[in-house]
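Enquirer: just to be clear, the model below is a prediction. Sequence and coordinates:
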2 protein chains.
Amino acid sequence: MIDQGMAIPRPYHHGNLRAALLQAAEKALEAGGIQQISLRELSRELGVSHTSPRRHFADKQALLDALAVSGFERFEAALSRATRRKDHSFKTRLTRLGQAYVDFALKHPLLFALMFEAKHRPDAPRELQQAADKAFGHGPATMAEGQASGEVVRGDPARLALGAFSALQGLITISTKGKFKGVDLDTLAREIIDRMITGLQPRK
Amino acid sequence: MIDQGMAIPRPYHHGNLRAALLQAAEKALEAGGIQQISLRELSRELGVSHTSPRRHFADKQALLDALAVSGFERFEAALSRATRRKDHSFKTRLTRLGQAYVDFALKHPLLFALMFEAKHRPDAPRELQQAADKAFGHGPATMAEGQASGEVVRGDPARLALGAFSALQGLITISTKGKFKGVDLDTLAREIIDRMITGLQPRK
DNA sequence: ACCTGAACACCGTTCAAGT
DNA sequence: ACCTGAACACCGTTCAAGT
């Protein structure tokens, strides 16, 4: 027998509305673009009044910013997973880092675009810039490790990482539908990473 | 004496409404972001009814797409100007091309973002992709010239150009407010171009 | 604290009508 | 052809009120 007081999941409006809104917003984003996200529509889907989101987000932009923060956090987690294994060689680690970068962008294309769009807003919250900085910190960290083991040239690791990430980021932005002239972005990224690794080798 | 029938410029609604809408939309875009563009507000500014834009653009997205096309056309013109002088060396020409790329992005940041956002839409019009392709054709052309004069390694010039443009495009997307850790994007771009030129030199 | 409905000032888009 | 006002179905945001 089912105890009504326990088993029936009271819909939302019980503490997880914020998370539910973010999840629904991301679904709407990936389904039809940023323009598709409507606070009223999200509220309808979740069965709450259209003023409820106000409790968790000051306005629509605040929800989009929170979505961007969530994106950067998961992006950071993906990059972290890619470089977790400390027994890999530098070459393997940088390759895995680059692949994780491109994989994330291809898996969540509209979220990825939103993340950078939000980050570029003049009045973007500090939290957003910090989340982005944390994700982009994995590049310099990996470069520094490569330098420590003598596999990477000297120089500011942040600058070296910027060069590497820029090449991948640009590829993602320029290529349409994950391809450039029929060649898969994965393949192009792999080529860029390989060339990058060669370029980073210290001259003997 | 002034002939009323000739000298008084009848405001808009006389053939140039389309151009006037695009201009006003771009002004609104650079002022406050894409969300700031409202067909009704643009119409108010231009002194026409709010249904007049319909004559020139099927819907709001069509206006945004046209704005993106206009952006790619001016981007192409800027890249064309940068490589017009055929007496420059390959090194100078590629440097000027890269600088023109970054200059345009920094001068029209929101338009530049809109251009790529529009290009990535699944149902983007053919015209938009063509305008983008024309702009991005300057890279391969310059690479091919470098190969002809023996200053650039062999290989598909489109692939070589993609690598170069990707690095610049990524720099633009990753850096915030035209800077990365306090260093100007111009300077970073110059470094990337120089490294690129070195990397493209044929091995003797 | 958290949620509600009503109200306000906007939208984009459609349509029948004017010149 | 080009433009118009009225109407429709939405928005985001605010506010006084409920529990």
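Expert: Structure's in. What do you need?
Enquirer: okay, angle between the helix or strand hosting A:Ile192 and helix B:185-200 too, please.
Expert: A:Ile192 belongs to helix A:185-200 when assigned by DSSP states H and E. If you take axes from the mean of the first three to the mean of the last three C-alpha atoms, to 10 degrees, helix A:185-200 sits at 80 degrees to helix B:185-200.
Enquirer: output helix A:185-200 as PDB, nothing but the C-alphas.
Expert: C-alpha atoms of helix A:185-200 as PDB (Å, rounded to 0.1, in the frame of the first residue of the first chain):
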ATOM      1  CA  LEU A 185      36.000  18.600 -36.700                       C
ATOM      2  CA  ASP A 186      37.400  15.700 -34.600                       C
ATOM      3  CA  THR A 187      39.900  14.900 -37.300                       C
ATOM      4  CA  LEU A 188      40.800  18.600 -37.800                       C
ATOM      5  CA  ALA A 189      41.200  19.000 -34.100                       C
ATOM      6  CA  ARG A 190      43.500  16.000 -33.900                       C
ATOM      7  CA  GLU A 191      45.700  17.400 -36.600                       C
ATOM      8  CA  ILE A 192      45.900  20.800 -34.900                       C
ATOM      9  CA  ILE A 193      46.800  19.100 -31.600                       C
ATOM     10  CA  ASP A 194      49.500  17.000 -33.200                       C
ATOM     11  CA  ARG A 195      51.000  20.100 -34.900                       C
ATOM     12  CA  MET A 196      50.700  21.900 -31.600                       C
ATOM     13  CA  ILE A 197      52.600  19.200 -29.700                       C
ATOM     14  CA  THR A 198      55.400  19.200 -32.300                       C
ATOM     15  CA  GLY A 199      55.600  23.000 -32.100                       C
ATOM     16  CA  LEU A 200      55.800  22.900 -28.300                       C
END
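Enquirer: tell me the buried residues in it?
Expert: A:185, A:188-189, A:192-193, A:196-197, A:200 (16 or more other C-beta atoms under 10 Å in any protein chain shown). C-beta: built from backbone N, CA, C; applies to glycine.
Enquirer: for the residue nearest to A:Arg96 when sequence neighbours are not counted, give its distance to A:Phe136.
Expert: Among residues not flanking A:Arg96 along the chain, A:Ala82 sits closest, at 4.4 Å (C-beta to C-beta, 6 or more residues apart in numbering or on different chains). For A:Ala82, the distance to A:Phe136 equals 14 Å [C-beta to C-beta, to the nearest Å].
Enquirer: rewinding a little: which of the buried residues of helix A:185-200 are close to chain B?
Expert: A:188, A:192 (C-beta under 8 Å from any C-beta of the partner chain).
Enquirer: stretch A:30-37 and DNA strand C, are they touching?
Expert: No: for a cut-off given as C-beta under 7 Å from any atom of the strand, stretch A:30-37 has no contacts with DNA strand C; the smallest distance is 9.3 Å.
Enquirer: what about the most centrally placed residue in chain A, helix or strand, and which?
Expert: By C-alpha atoms, centre = their mean, chain A has its centre lying nearest to A:Phe75, at 3.3 Å. Assessed by DSSP H and E, A:Phe75 sits inside helix A:60-82.
Enquirer: on contacts alone, who are the packing partners of that helix?
Expert: helix A:17-32, helix A:90-107, helix A:109-120, helix A:126-136, helix A:138-148 (3 or more C-beta pairs under 8 Å, 6 or more residues apart in numbering or on different chains; DSSP states H and E).
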